[in-house]
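S.K.: Give me a 3D structure for the following:
(2 chains)
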Amino acid sequence: MVGSRAQIRRAKVLTWIALLLGACFAGLPVLWMVASSFKSNLEIFAYPPALVDNSFSFGAYLAVLGDPGQLRFFFNSYLVAILVTICTVVTSILAGYSFSRYDFRFKRFLTLTIIGVQSVPPITLMIPYFGLIVWLGLYNSYTALVLTYMVFTLSYAIIMMTGYFNTLPRDLDEAVMIDGGGSFVTLWRILVPISLPGIVSVGVYTFMLAWNEFLFALTLTRTNDMRTVPIGIHLLMGQHSFEWNQMMALSVLGSLPVLILFLLFQRYFIAGMSAGSIKG
Amino acid sequence: MLPYAYLSPTLALLSALTIIPIATVFLYSLVDNVIVNPNPPVFVGLDNYEEVLTNRKFRGALGNTFYFAIVSVVAHFIIGLSFALLLNTRLIGNKTKAFFRVIYILPWVFTASIIAILWRLLLNPHGVINFVLLELGFVQEKMEWLSDRDLALNAVTFINIWAGYPFYMVSFLAGLQGIPDDLYEAGRVDGANSWQLFRFITLPQLRPIIVSLALLDFIWTVHQFTLVWMTTGGGPMRSTEVLSTYTYKAAFSSHEYSIASTLAMIILAICTFIGIFYVRNQRMADE
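M.R.: Reported below is the predicted structural model:
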């Protein structure tokens, strides 16, 4: 950078102003969510509004956590998201290995199909899924959610896993093969352990997609004991009186898993997020 | 056979849950009296398509969908790139940048139904946004952001903009860090100013990412359902009706499954059309 001190100083001040304005745009709504979750429902629309007022309490959180029905939403969300993550990771490791290490007849066609699946709208599949899932006797079951979510997690996961395996030298697996190990052994003993960063990216990204899913959770489950967190929030909204503070508390609690995952695995998260769209 | 064996779980799942369902929904769109109708199904050819395409409600939803998607994509691009450039500057320390990066990424941590409920609180006529705008004198009265038919579509689009820009920002950050410094140095030697460096080095280098992101985001926004459904449900007076909410209502409120399937096929056609460009762009990035 060439420029006088005064110019650099001015640029710095402008950058700071822009940074703070951006932070307000991104962060203030979230701050308001957290603040509202500690208010009483009567104070939510108090005039003039205050970030913290004298109704401050953990009441909304206690109400959510003390309600077995709402805890069940969390249990369901965790269970489904974890199952989807495990199934997606295993399936995508197998598929990624195949795409990365073998040449076969329909490889190009299958790769393009898997990339193409990303553009299939969930709403298109909703009507036939409804019929198919009922016909299979899976309506209102965890299996229905796990299978249908995987359609949307798998294509990203496979693209990411193939990309990761492609960065590993082939000499590695060839050395094991010469020593008499089969391809399956090579994959699980050699490639999987050194691909851990890639696998974590896939896992974190899959968990997040599954945790957030809404449309299928809404249409493929019926009873409240099968509902997930996003649907739980939808149900709270459908009630006669809006318990805003409880909805905000449920939102904060429902976002914590993804936030914690994000803070722990930020690097992997960002790698995973961009891999799906950039490289292919 | 080995590569196919490794692919078999993927192929089984994808054929059972994408290819067969798409074939089914296409079939439904050609037939009347499907699913919950006591009358026997009748093959009607493309009649359902004619009925949908000449319907005023459909045209309204189509227009809203494109407005929603195009404004969102453009705004996502501008905000995402601006924030990425801010976070990539050398004027600010790395710790500070890491802190702001976490704040800027925040909207992306929240699922669509939470974003919807949060903005219903913020945009409530008695809510904090109206308070601030009134105090600053930008509006003269409490605005019904989500229940005024002249404002609702823009309000929902704004919420979607807030929710979606971090994806661009993060991808652009990765892209910016991949641009070699030599290029900028060569540019400076040639006497280029910051705008020219941005225009002739940064933008062209980011081009493949920009194209991918915009196409993918356009597809996602065209089939966005949750956010619209949970903020306005398509109302008031269908002013925020998009193709996905219209399809959902046709299926689960009116039980017109043939019409819903036809709508679903039209959304698929739009997304596939964009998807072809996306796949081609990905392929070029690979080679």
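S.K.: Next, the contact list for residue 107, please.
M.R.: Just so you know, I chose chain A. A:Lys107 makes contacts with A:Phe99, B:Pro3, as judged by CB atoms under 8 Å, 6 or more residues apart in numbering or on different chains. Any C-beta I mention is one placed from the backbone N, CA and C, and that applies to glycine too.
S.K.: ah, no, chain B please
M.R.: Here B:Pro107 is in contact with A:Ala26, A:Pro29, A:Val30, B:Ile115, B:Trp162, B:Ala163, B:Gly164, B:Tyr165, B:Pro166 (criterion: CB under 8 Å, 6+ apart).
S.K.: what about 10 Å?
M.R.: Going by CB atoms under 10 Å, 6 or more residues apart in numbering or on different chains, B:Pro107 touches A:25-27, A:29-30, B:115, B:118, B:159, B:161-167.
S.K.: which of those residues lies closest to A:Gly180?
M.R.: B:Phe167 (46.0 Å; CB to CB).
S.K.: count of neighbours near A:Asp67?
M.R.: 13 (other CB atoms under 10 Å in any protein chain shown).
S.K.: got the phi/psi numbers for it?
M.R.: phi -100, psi 110 (degrees, to the nearest 10).
S.K.: just B:Phe225 next, same as before
M.R.: phi -120, psi -50.
S.K.: Could you give the number of residues near it?
M.R.: Neighbours of B:Phe225 (other CB under 10 Å): 21.
S.K.: what's the nearest residue to it once chain neighbours are set aside in contact with, if anything?
M.R.: Excluding the flanking residues, the one nearest B:Phe225 by CB to CB, 6 or more residues apart in numbering or on different chains is B:Ser244, at 4.1 Å. Neighbour list for B:Ser244: A:121-124, A:126, A:215, B:61, B:65, B:222-229, B:234, B:263-264, B:267 [criterion: CB under 10 Å, 6+ apart].
S.K.: All the helices of chain B, residue numbers only.
M.R.: Secondary structure of chain B (DSSP state H): helices at B:2-14, B:20-29, B:47-53, B:56-87, B:94-105, B:112-122, B:128-136, B:152-177, B:181-189, B:194-197, B:203-222, B:226-231, B:243-252, B:257-286.
S.K.: okay, those in CSV with mean pLDDT next?
M.R.: Output for the helices of chain B, formatted as CSV (pLDDT from 0 to 100):
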stretch, mean pLDDT
helix B:2-14, 88
helix B:20-29, 90
helix B:47-53, 86
helix B:56-87, 94
helix B:94-105, 89
helix B:112-122, 92
helix B:128-136, 90
helix B:152-177, 91
helix B:181-189, 88
helix B:194-197, 88
helix B:203-222, 89
helix B:226-231, 92
helix B:243-252, 91
helix B:257-286, 85
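S.K.: Mind putting these into TSV with distance to A:Val185?
M.R.: Below are the helices of chain B laid out as TSV (distance: least, CB to CB, whole Å):
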stretch	distance to A:Val185
helix B:2-14	13
helix B:20-29	35
helix B:47-53	54
helix B:56-87	43
helix B:94-105	40
helix B:112-122	43
helix B:128-136	60
helix B:152-177	34
helix B:181-189	44
helix B:194-197	52
helix B:203-222	37
helix B:226-231	44
helix B:243-252	46
helix B:257-286	30
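S.K.: buried sites along stretch A:253-265?
M.R.: Using 16 or more other CB atoms under 10 Å in any protein chain shown as the test for burial, stretch A:253-265 gives A:Leu253, A:Gly254, A:Ser255, A:Pro257, A:Val258, A:Leu261, A:Phe262, A:Phe265.
S.K.: Got phi/psi on the last one?
M.R.: Main-chain dihedrals, A:Phe265, degrees, to the nearest 10: phi -120, psi 30.
S.K.: wait, doesn't it sit right on A:Leu196?
M.R.: No - applying CB atoms under 10 Å, one finds A:Phe265 not in contact with A:Leu196, separated by 11.6 Å.
S.K.: The buried residues of stretch A:253-265 into JSON lines, with extra columns for pLDDT, secondary structure and distance to chain B?
M.R.: Listed next are the buried residues of stretch A:253-265 as JSON lines, based on pLDDT from 0 to 100; DSSP: H, G, I helix; E, B strand; the rest coil; distance: CB to the nearest CB, whole Å:
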{"residue": "A:Leu253", "pLDDT": "92", "secondary structure": "helix", "distance to chain B": "10"}
{"residue": "A:Gly254", "pLDDT": "90", "secondary structure": "helix", "distance to chain B": "6"}
{"residue": "A:Ser255", "pLDDT": "91", "secondary structure": "helix", "distance to chain B": "5"}
{"residue": "A:Pro257", "pLDDT": "88", "secondary structure": "helix", "distance to chain B": "10"}
{"residue": "A:Val258", "pLDDT": "86", "secondary structure": "helix", "distance to chain B": "5"}
{"residue": "A:Leu261", "pLDDT": "85", "secondary structure": "helix", "distance to chain B": "9"}
{"residue": "A:Phe262", "pLDDT": "83", "secondary structure": "helix", "distance to chain B": "6"}
{"residue": "A:Phe265", "pLDDT": "82", "secondary structure": "coil", "distance to chain B": "13"}
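S.K.: need these in a markdown table with distance to B:Leu17, can you?
M.R.: Shown next, in a markdown table, are those (distance: CB to CB, whole Å):
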| residue | distance to B:Leu17 |
| --- | --- |
| A:Leu253 | 31 |
| A:Gly254 | 27 |
| A:Ser255 | 28 |
| A:Pro257 | 26 |
| A:Val258 | 25 |
| A:Leu261 | 26 |
| A:Phe262 | 29 |
| A:Phe265 | 28 |
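S.K.: just curious, which of those residues is nearest to B:Leu151?
M.R.: Nearest member of the buried residues of stretch A:253-265 to B:Leu151, counting by CB to CB, is A:Ser255, at 27.4 Å.
S.K.: Can you name the residues that contact the closest one?
M.R.: Contacts of A:Ser255 by CB under 10 Å, 6+ apart are A:30, A:33-34, A:211-212, A:229, A:262, B:106, B:109-111, B:114-115, B:118.
S.K.: Show the buried residues in those residues.
M.R.: A:30, A:33, A:211-212, A:229, A:262, B:106, B:109-111, B:114-115, B:118.
S.K.: and stretch A:114-131, how far from the chain's centre?
M.R.: Put simply, stretch A:114-131 sits 18 Å off its chain's centre (CA atoms, centre = their mean, to the nearest Å).
S.K.: that older thread, wait, which of the buried residues of stretch A:253-265 is closest to B:Thr96?
M.R.: Nearest to B:Thr96 among those, with distances taken as CB to CB, is A:Phe262, at 19.1 Å.
S.K.: still on that earlier bit, name the residues contacting each of A:Phe265 and A:Leu196.
M.R.: With CB under 10 Å, 6+ apart as the test, A:Phe265 and A:Leu196 both reach A:Gly203.
S.K.: Indicate which one of the helices of chain B is closest to A:Pro68.
M.R.: Nearest of the helices of chain B (CB to CB): helix B:112-122, 21.1 Å.
S.K.: is the closest one anywhere near chain A?
M.R.: Yes - residues of helix B:112-122 contacting chain A under CB under 10 Å from any CB of the partner chain: B:Ala112, B:Ser113, B:Ile114, B:Ile115, B:Ala116, B:Ile117, B:Leu118, B:Trp119, B:Arg120, B:Leu121, B:Leu122.
S.K.: how far out from the middle of the chain is that helix?
M.R.: Remark: helix B:112-122 is offset 17 Å from the chain centroid, using CA atoms, centre = their mean.
S.K.: Give me the packing partners of it, helices and strands only.
M.R.: helix A:5-37, helix A:196-212, helix A:215-219, helix A:229-238, helix A:244-264, helix B:128-136, helix B:152-177, helix B:226-231 (3 or more CB pairs under 10 Å, 6 or more residues apart in numbering or on different chains; DSSP states H and E).
S.K.: I appreciate the help and will end here.
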